[in-house]
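A.B. asks: generate a structure from the sequence data that follows.
(2 chains)
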Amino acid sequence: MPVLWIVLIVLTLGGVGFVIGRMRAMASADGDPRHLHSLPNYYGTHVFLAVTVPSMLLLVMWLLVQPLVINSQVSSLIPQEAVSEGSSLGLMMADVRRVADGLDTAVAAGAMTSEEASQIRTEFTDIRERLGAVGVALGSDVRPEVLKAAQRYRELSGRYGLIMAVVIIGIALAGMAFAWSRSHAEFRARNVVESAIKSLLILASSIAILTTVGIVLSLIFNTIEFFKLYPAANFFFEPTWLPSFGGGTDSDGNPLSKLGILPLLWGTLYISVIALLVAVPIGLFAAIYLSEYAGPATRAFAKPMIEVLAGIPTIVYGLFALLTVGPLLVDVFGAGGLLNVSWMQGGTAVMTAGLVMGIMLIPFVSSLSDDIINAVPQAMRDGSLGLGATKSETIKQVVLPAALPGIVGAILLAASRAIGETMIVVLGAGAAARLSMNPFDAMTTVTAKIVSQLTGDADFASPEALVAFALGMTLFLVTLGLNIFALYIVRKYREQYE
Amino acid sequence: MNDMRIVERKVDANEVKISARTCQVYYGDTHAIKDVDVDIQDKTVTAFIGPSGCGKSTFLRCLNRMNDTIDICRVEGDIHLDGEDIYDPKVDPVQLRAKVGMVFQKPNPFPKSIYDNIAYGPRIHGLAKTKADLDEIVEKSLRRGAIWDEVKDRLHAPGTGLSGGQQQRLCIARAIATEPEVLLMDEPCSALDPIATAQVEELIDELRARYSVVIVTHSMQQAARVSQKTAFFHLGNLVEFGETGQIFTNPQDPRTESYITGRIG
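C.D. replies: Numbering: from 1, shown residues only, chains lettered A, B, ... in the order given. Predicted structure coming up:
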């Protein structure tokens, strides 16, 4: 029985449970909801939850465990010697599953009866051709062991599927009966439903936290793996980034690749600083204009327009950098350009990426700062204006200091975005890792190199690929540090200003 | 206890500081102040009383053009300060507000130190040449604000850390620091407890020696205690204006009598 049907049946049972639970509770109160402990719908919801929650949890667990069980039972059918050279049991099992799926498709398409599907033998039938006729392509001829295993696989999964349907619907019915029997006037259905809702909320937040923990753990383990293959001191202090494609070591046993993070970190910070130098003044001034000077009509028009910038995909910014800003900068700073200097060799440069990234960050700074400036109480402004201060004096000396912690928070948030940005760098700043002071040189960042190290066809166990995790870990720690610093700043000043 | 006792008051001066003639205020389409004529004397405490929404705060805010910060507000008529029309295009509202200080209903110290709160006005108006000058202004203002003894040891602590009554006296001291000629107070005691209120009232009486003080209050007892002149507003009209003693003991208008005896309001 398909899983979808089981889900639908359980939900239907839940709906029925809702109605009968509510009815029983109402009957026990002689039809007067004021005699019930909770509102009638809570009794219905209680039965609904008792029907659906345990059975759905079991369904999920069953679906996770069933393939493992079937695999272990079926794989014993494949003799060790049948596993051909250059293959493995895992690959054979994949074949088995594919053939089993093919048989299912064939039966569903009417090309075979289900009787036939479980009886056919490779000795008499060309399975590959018959499955090919219904659109299931197999790489090679089906071997007898595989076909037998596949038939066993189908048989087992059919049987377990049936057991599963029975068990789950049984659990749902049992839940319904239990909850229904409890639905009477004194039962505290509301408290039960509320605690179920609380569990749901806890579940949601723990999923978010566990995912973070999982991501960090996977980073940590791969980083440790990397440092086993490559000395940490070289990674942190070597001023060169030069991965060798073949990997390997020289005669002294040192790795041939030079994987120093410094040039990448330098590129990241350089580009981020330029981006912030663009975004912070523009964003802040825009926010001050919008919140203090602009009339309601201008504001209603301009604020969404600025926020449109935040909705542009970063790859589009990357194209803008590559096709517009880069060539424009070369025309000014390149050889034979307007200034007649030759600081810039090509369109891709730190300056290109930094400028475009700064534009991308403007809405982050302006939108958050605008909200924060608006949150400064009008009483502060009145107090200052009442003393004969002008509007700009008021903004400079009263409003901005009061909004400062929030503005710092907004800037640090923008900084985290800048450090983690990839697409604009790939297209705007080039791919050359170098330590240079010239903002018109091509450089690259940590994120861009993570992409290039993992998208090549390097062996995944080599230091050249694993370095991506060490880079990611470093980046994560840097942004984490920034966020903690932002929180600290905001907390420290908040006490003072409220 | 007879809070309505009227002490014999001596009005120190009879010069008119502010005079308003046929003053009208509109909020959008609402006619909030209708034809108000009033003369506010120098070195006198003038109280504006009346039920909520009668326009007394609105009228007060006309006197230093604070209503300019409200987009939909429109003021008509003449208001003269020392014979000069304050709504004349030549007049800079910023300079006007330096001459006509204001204290608000809720204490609103800036998120700065006590010292910087007081020094704010003198700094933006360039009243102090040296640091020593500024120190002197701050001390003098805090003394006149009757709060110096409480804060002299923590001038660099944040002003927001003071109690409500202290904050309000700090705000009064801040307003005094710019050397205004008139001090407008919009219900300065409504957020304060009785002890803090008594301190502020005492302070207002002392301020009368140097400034013309205009106070909006909901409390008739307060008006009777601190003011020499009282104006009664009702539904945007100035109903009656006169000596405080006369308003409270012998009101000419039946509406005033109803209000002070508690029948309307």
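A.B. asks: pLDDT at A:I163, what is it?
C.D. replies: Predicted confidence (pLDDT) at A:I163: the value is 91.
A.B. asks: what comes up buried for the helix or strand where it lies?
C.D. replies: Per DSSP states H and E: A:I163 is located in helix A:144-182. Within helix A:144-182, the residues scored as buried using 16 or more other C-beta atoms under 10 Å in any protein chain shown are A:145-154, A:156-157, A:160-161, A:164-165, A:168-169, A:171-172, A:175-176, A:179-180, A:182. The way it works is simple: take the backbone N, C-alpha and C, and place the C-beta from them, glycine included.
A.B. asks: make sure I have this right: B:K17 is in a helix.
C.D. replies: No - checked against DSSP: H, G, I helix; E, B strand; the rest coil, B:K17 lies outside a helix; its state is strand.
A.B. asks: find the nearest non-adjacent residue to whichever residue of the stretch 201-350 of chain A sits closest to chain B, please.
C.D. replies: In the stretch 201-350 of chain A, the residue that lies nearest chain B is A:G295 (7.6 Å; C-beta to the nearest C-beta). Using C-beta to C-beta, 6 or more residues apart in numbering or on different chains and skipping residues adjacent in sequence, the residue nearest A:G295 is B:D71, 7.6 Å away.
A.B. asks: and A:K492, how far is that from A:T479?
C.D. replies: From A:K492 across to A:T479, the span is 20 Å (C-beta to C-beta, to the nearest Å).
A.B. asks: tell me which of these two has more neighbours.
C.D. replies: Relative neighbour count places A:T479 above the other of A:K492 and A:T479, with 17 against 11, counting by other C-beta atoms under 10 Å in any protein chain shown.
A.B. asks: isn't that one right up against A:A418?
C.D. replies: No - counting by C-beta atoms under 8 Å, A:T479 sits too far from A:A418 to count as a contact (9.9 Å).
A.B. asks: what about the closest residue to chain B within the stretch 251-400 of chain A, neighbour count?
C.D. replies: Among the residues of the stretch 251-400 of chain A, A:G388 lies nearest to chain B; the distance is 3.1 Å by C-beta to the nearest C-beta. Applying the criterion other C-beta under 10 Å, we find 25 residues in the vicinity of A:G388.
A.B. asks: one more: A:L339?
C.D. replies: Number of residues near A:L339 (other C-beta under 10 Å) recorded here: 11.
A.B. asks: model confidence score at it, please.
C.D. replies: Model confidence at A:L339, expressed as pLDDT, equals 80.
A.B. asks: go through chain A and flag its longest helix.
C.D. replies: In terms of residue count, the longest helix belonging to chain A (DSSP state H) is helix A:189-229.
A.B. asks: please identify the residues of the stretch 1-150 of chain B in proximity to chain A?
C.D. replies: Contact residues, the stretch 1-150 of chain B versus chain A (C-beta under 8 Å from any C-beta of the partner chain): B:64, B:66, B:69, B:71, B:94-99, B:101-104, B:106, B:108-112, B:120-121, B:124-125.
A.B. asks: so who does the residue of the stretch 1-150 of chain B at minimum distance from chain A touch?
C.D. replies: Nearest residue of the stretch 1-150 of chain B to chain A (C-beta to the nearest C-beta) works out as B:A98 at 3.1 Å. For B:A98, the contacting residues are A:L387, A:G388, B:G121, B:H125, B:T178, B:P180, by C-beta atoms under 8 Å, 6 or more residues apart in numbering or on different chains.
A.B. asks: let's verify the second one: helix, strand, or coil?
C.D. replies: Of the three states, A:G388 takes coil under three-state DSSP.
A.B. asks: and the residue nearest to B:K56 when sequence neighbours are not counted, which of the three is it?
C.D. replies: Across the structure, with C-beta to C-beta, 6+ apart as the measure, the residue nearest B:K56 apart from its sequence neighbours is B:F48 (4.0 Å). Secondary structure, three-state DSSP: B:F48 is strand.
A.B. asks: by proximity to chain B, which residue of the stretch 51-200 of chain A wins?
C.D. replies: For the stretch 51-200 of chain A, the nearest residue to chain B under the criterion C-beta to the nearest C-beta is A:K198, separated by 37.4 Å.
A.B. asks: that residue - how many residues pack around it?
C.D. replies: By the measure other C-beta under 10 Å, the count of residues near A:K198 is 10.
A.B. asks: kindly report the same for A:V467.
C.D. replies: Per other C-beta under 10 Å, the neighbour tally for A:V467 reads 27.
A.B. asks: any low-confidence regions in the chain?
C.D. replies: Picked chain A for this. For chain A, applying pLDDT under 70 flags the ranges A:1, A:81-88, A:122-125, A:139-141, A:245-254, A:457-458, A:493-498.
A.B. asks: that answer is for a different chain, and I need it for chain B
C.D. replies: For chain B, applying pLDDT under 70 flags the ranges B:1-14, B:264-265.
A.B. asks: where exactly do the helices run in it?
C.D. replies: Listed in chain order (using DSSP H), the helices of chain B are B:56-62, B:93-99, B:114-125, B:131-144, B:148-151, B:164-177, B:194-207, B:220-226, B:244-249, B:254-260.
A.B. asks: will you turn those helices into CSV that also has distance to A:I6?
C.D. replies: Formatted as CSV, the helices of chain B follow (distance: least, C-beta to C-beta, whole Å):
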stretch, distance to A:I6
helix B:56-62, 69
helix B:93-99, 75
helix B:114-125, 70
helix B:131-144, 78
helix B:148-151, 74
helix B:164-177, 65
helix B:194-207, 71
helix B:220-226, 76
helix B:244-249, 85
helix B:254-260, 77
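A.B. asks: so for A:L138, which of the ones you listed sits nearest?
C.D. replies: Minimum separation from A:L138 across the helices of chain B (C-beta to C-beta) falls at helix B:114-125, 82.2 Å.
A.B. asks: how far off centre is the closest one?
C.D. replies: Averaging C-alpha positions (C-alpha atoms, centre = their mean, to the nearest Å) puts helix B:114-125 20 Å from its chain's average.
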